[in-house]
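[1] Next come a sequence and a model predicted from it.
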Amino acid sequence: MTRARDVASQGGLVLITSATFTASSTVNVNSCFSATYENYRVVVSFSNLNSSAVTVRYRTGTTDNSSASYVSRQNSISDSSTTAIRGNNATSIAVETGNTYGAITLDILSPQKTMRTFMFSTSQAFASSSSGISVDGAGMFNDTTVFDGFSLLGTANMTGTMNVYGYK
């Protein structure tokens, strides 16, 4: 039987940090990006979204970059419609449209390099009645800023867990 730490030493994902958050409208993750890894995966599971939409901002030190340099494209599939969503010159990247329970996976590419930072996202959110929404998207920070962290921003109290991995 192969253990998780044996697999990590052979390649794949390496856990950088984990967090649990309760009744939070913002989850700040500092100093998780470094020169050790070029690309990262973030996995978030919400036990309560409280119908909160979730967006992402990149951070340098302990400060969010809220400049209007974020662009994104998403395809959203709900119980009643399919919608294409775009965001230009925004102050964050939308990754979840909100509901009761949900999960987000983010792939963040090259945040530690002096180049544009790209993100691919997949999210799902469901209400207790099992109605839900699925969103697949991509985003970019349209400048060459170097980042060492990120924030999840919600409009209501979010509760859940998060793991940040480096791609080995």
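    Good, I have the coordinates.

[2] shaky segments in this protein?
    Residues of the chain meeting the criterion pLDDT under 70: 1-11.

[3] So which residues of it form strands?
    Taking DSSP state E as the criterion, the chain carries its strands at 13-29, 39-48, 54-60, 63-64, 70-78, 82-90, 93-96, 101-109, 117-126, 132-141, 149-167.

[4] Show residues contacting stretch 76-95.
    53-57, 66-75, 97, 104, 106, 119, 121, 123, 131-135, 137, 139, 153 (CB atoms under 8 Å, 6 or more residues apart in numbering). Backbone N, C-alpha and C define where each C-beta goes, glycine included.

[5] now those residues: which count as buried?
    Among these, the ones that count as buried by 16 or more other CB atoms under 10 Å are 53-57, 69-72, 74, 97, 104, 106, 119, 121, 123, 132-135, 137, 139, 153.

[6] what number of residues lie near residue 79?
    Neighbour count of residue 79, defined by other CB atoms under 10 Å: 11.

[7] hang on, I meant residue 19
    Using other CB under 10 Å as the criterion, the residues surrounding residue 19 number 16.

[8] go on, residue 129?
    With neighbours defined by other CB under 10 Å, the count for residue 129 comes to 8.

[9] Can you read off the backbone torsions of it?
    Torsion angles at residue 129 (phi, psi; degrees, to the nearest 10) stand at phi -80, psi 0.

[10] Distance check, it against residue 101.
    Distance, residue 129 to residue 101, using CB to CB, to the nearest Å: 11 Å.

[11] can you pull the contacts of residue 49?
    96, 98-102, 125, 154, 156, 158.

[12] Find the residue at the geometric middle of the chain.
    Compute the mean C-alpha point of the chain, and by CA atoms, centre = their mean the closest residue is residue 106, 4.5 Å away.

[13] Check the gap between that one and residue 128 for me.
    25 Å.

[14] now residue 164
    For residue 164, the distance to residue 128 - CB to CB - is 29 Å.

[15] Compare the two and say which one has the larger neighbour count.
    Ranked by neighbour count (other CB under 10 Å), residue 164 and residue 128 place residue 164 first, with 23 against 8.

[16] what sits opposite that one in the beta ladder?
    Beta bridges link residue 164 to residue 17, residue 42 when assigned by DSSP bridges.
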